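Q: Build me a structure from this.
(one chain, ligands or ions: 3)
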Amino acid sequence: MSSKDTRLPHEKGFHISWDQIHRDSRALAWRLDGKGPDDGAWRAIVAITRGGMAPAMIVARELDVRTVDTISVKSYHSGGGAADQRREAEVLKSPDADLMGDGTGVLIIDDLVDSGKTLELVRELYPNAHLATVYAKPQGEPQVDTFITGVSQDTWIFFPWDMALQYVEPYRGKD
Ligand SMILES: O=P(O)(O)OC[C@H]1O[C@H](OP(=O)(O)OP(=O)(O)O)[C@H](O)[C@@H]1O
Ligand code: HPA
Ligand SMILES: [Mg+2]
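A: Ligands and ions are numbered 1, 2, ... in the order given. Below is the predicted model:
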């Protein structure tokens, strides 16, 4: 039996509540406040859809940034068999080109970085933008300029928009 199978149900994932993502996104805003290139201000915020939209909205509110755009990135597995599967990413919708330039003064926000493929592509497109996530796994950390909480690579992060409250059995069941 692998160690994965011996973990208790509540240890298989990192479950984030709305309250937690709000607090962590505000912590991200606090860390980024005054760090823009022009008098500390950020020119615009770009959310990486869809997961980056909630944190980006919270950061935009805290930092009083009114110019908000989106970039839509789809990441997927490519290759043949399981052994040579690689992670790829493609842009489905770009933000306004005049707004973006090379990314200087623009804060690009996502909920998390995992393999780093999504941010790698975004950085190629906007090398001078500041890339920020709320959560980061070790493999993706080199791709992100600022993040709040590190999470181990084998942990799956569950976000509140993907969950619903439901009954769970006690750890010690009836039989
Ligand atoms: O570092 P990576 O391995 O590229 O993974 C991180 C990305 O994966 C998830 O988005 P996903 O593509 O699942 O789409 P969604 O935000 O629309 O749910 C997450 O929101 C990040 O954007
Ligand atoms: O841990 C994760 N949680 C949710 N979405 C993700 N996309 C890549 N990794 C994750
Ligand atoms: Mg995403």
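
Q: biggest strand in this protein, by residue count?
A: Using DSSP state E, we find that the single longest strand of the chain is strand 68-78.

Q: Could you list the paired strands of that strand along with their orientation?
A: Listed by DSSP bridges, the sheet partners of strand 68-78 and their directions read strand 44-49 (parallel), strand 86-93 (antiparallel).

Q: Quick check: mean pLDDT of the longest one?
A: What it means is strand 86-93. Averaging pLDDT along strand 86-93 gives 89.

Q: try the shortest one
A: Within the predicted structure, the mean pLDDT of strand 44-49 is 98.

Q: what's the host helix or strand of Thr133 packed up against?
A: Under DSSP states H and E, the secondary-structure element containing Thr133 is strand 130-136. Using 3 or more CB pairs under 8 Å, 6 or more residues apart in numbering; DSSP states H and E as the contact criterion, the elements in contact with strand 130-136 are helix 18-32, helix 53-63, strand 106-113, helix 117-125, strand 146-150. All C-beta spots, glycine's among them, are computed from the backbone N, C-alpha and C.

Q: my guess is Gln143 contacts Ser115, does it?
A: No. At 9.1 Å, Gln143 does not count as touching Ser115 under the criterion of CB atoms under 8 Å.

Q: Would you mind telling me which of the two has the busier surroundings?
A: Gln143 (19 against 16; other CB atoms under 10 Å).

Q: ok, that one - contacts?
A: Gln143 is in contact with 113, 116, 119-120, 123, 131, counting by CB atoms under 8 Å, 6 or more residues apart in numbering.
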